[in-house]
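S.K.: output the structure for:
(2 chains)
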Protein chains: 2
Amino acid sequence: MADEALFQFLHNEVIQYIYKSSEHGEMENGRCITKLENMGFRVGQGLIERFTKDTARFKDELDVMKFICKDFWTCVFKKQIDNLRTNHQGIYVLQDNKFRLLTQLSAGKQYLEHAPKYLAFTCGLVRGGLSNLGVKSIVTAEVSVMPACKFQVMIQKM
Amino acid sequence: MADEALFQFLHNEVIQYIYKSSEHGEMENGRCITKLENMGFRVGQGLIERFTKDTARFKDELDVMKFICKDFWTCVFKKQIDNLRTNHQGIYVLQDNKFRLLTQLSAGKQYLEHAPKYLAFTCGLVRGGLSNLGVKSIVTAEVSVMPACKFQVMIQKM
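M.R.: You can find the predicted model right below:
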């Protein structure tokens, strides 16, 4: 619980800090999101290196995705992804029914618009993790009812 | 280990981000340190609230400091403070012989100048924690040989 809190509080501070700088007119919303995503990317790269230090080689793309959904997610968010779906053509949808970085937000509809800034870092985290496993991707997130959310991973064929 | 890594990587990203903004001439070094310290302060405030939720009331100032050195430090840095000294007049020196946020830096003397940016957040963390326990303080840090470091807490009598 302590570790969770540490990450969560720091994550919030980072969001606030970045959005505060943007108030001074330096950045608009889109650029804030990009900054957060980039941070997540680099953290994801670092993390996956540690996490996979002693794991066996992955069989295929699906195997990699399962690792992200189980081991990676558990390490970072203390729970697994609840549902993983794929169209077997390079699109994966990871559903988390109780996404930790959203649970602190009120579930009222009026807060939905704030959800993206709480998801950007994690999108980057997934993209960075995948990238260091040799899988290039685009990761987006969407929320319909908080705190559930879906991450869509589109694999970029090389 | 995973949690440690998450915090550590994010902490590094935050430092880099803040210092990068400063390169664009927006801030000088002192202001970066202040920003990091302020972030730490708010995270420390949040953390101490969680950590002390179920603890007994503290007897006195020294009791509070012991809590910071043991429980708080262990939660955040996975080890206790190695040595706590006080002059019994409101100055406390907390020594960590292997401070986690410095262990990734090379121990060479030429890197000593970079140490302050890796300590500012933690100074704030301690100050924020103490503040929410009703103890107003000024916290500074110094490094003589990495990765050992000393945090000096000067209690501000109210």
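S.K.: measure A:Lys157 to chain B for me?
M.R.: 29 Å (C-beta to the nearest C-beta, to the nearest Å). All C-beta spots, glycine's among them, are computed from the backbone N, C-alpha and C.
S.K.: for that residue, which non-adjacent residue is closest in space?
M.R.: In space, and not counting its chain neighbours, A:Lys157 is closest to A:Gly90: 6.7 Å by C-beta to C-beta, 6 or more residues apart in numbering or on different chains.
S.K.: and that neighbour, how far from chain B?
M.R.: A:Gly90 is 28 Å from chain B, where distance means C-beta to the nearest C-beta.
S.K.: what's the answer for A:Cys75, then?
M.R.: 4 Å.
S.K.: can I get the helix or strand containing that residue as PDB, trimmed to CA atoms?
M.R.: A:Cys75 belongs to helix A:73-77 when assigned by DSSP states H and E. Output of helix A:73-77 as PDB, limited to C-alpha atoms (Å, rounded to 0.1, in the frame of the first residue of the first chain):
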ATOM      1  CA  TRP A  73       0.500  -4.700 -14.800                       C
ATOM      2  CA  THR A  74       0.700  -6.500 -11.400                       C
ATOM      3  CA  CYS A  75       4.100  -4.900 -10.600                       C
ATOM      4  CA  VAL A  76       3.000  -1.400 -11.500                       C
ATOM      5  CA  PHE A  77      -0.700  -1.500 -10.600                       C
END
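S.K.: next, the contact list for the residue nearest to A:Lys157, please.
M.R.: A:Glu61, A:Met154, A:Ile155, A:Lys157 (C-beta atoms under 8 Å, 6 or more residues apart in numbering or on different chains).
S.K.: now do the SS call for the spatially most central residue of chain A.
M.R.: In chain A, the residue lying closest to the centroid (C-alpha atoms, centre = their mean) is A:Thr122, at 2.0 Å. With DSSP: H, G, I helix; E, B strand; the rest coil as the basis, A:Thr122 sits in helix.
S.K.: so what's it up against?
M.R.: A:Gly40, A:Phe99, A:Leu101, A:Ala141, A:Phe151.
S.K.: the contacts of A:Gly90, buried ones only, as a PyMOL selection?
M.R.: A single PyMOL command selects the buried members of these (16 or more other C-beta atoms under 10 Å in any protein chain shown):
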select buried, chain A and resi 61+155
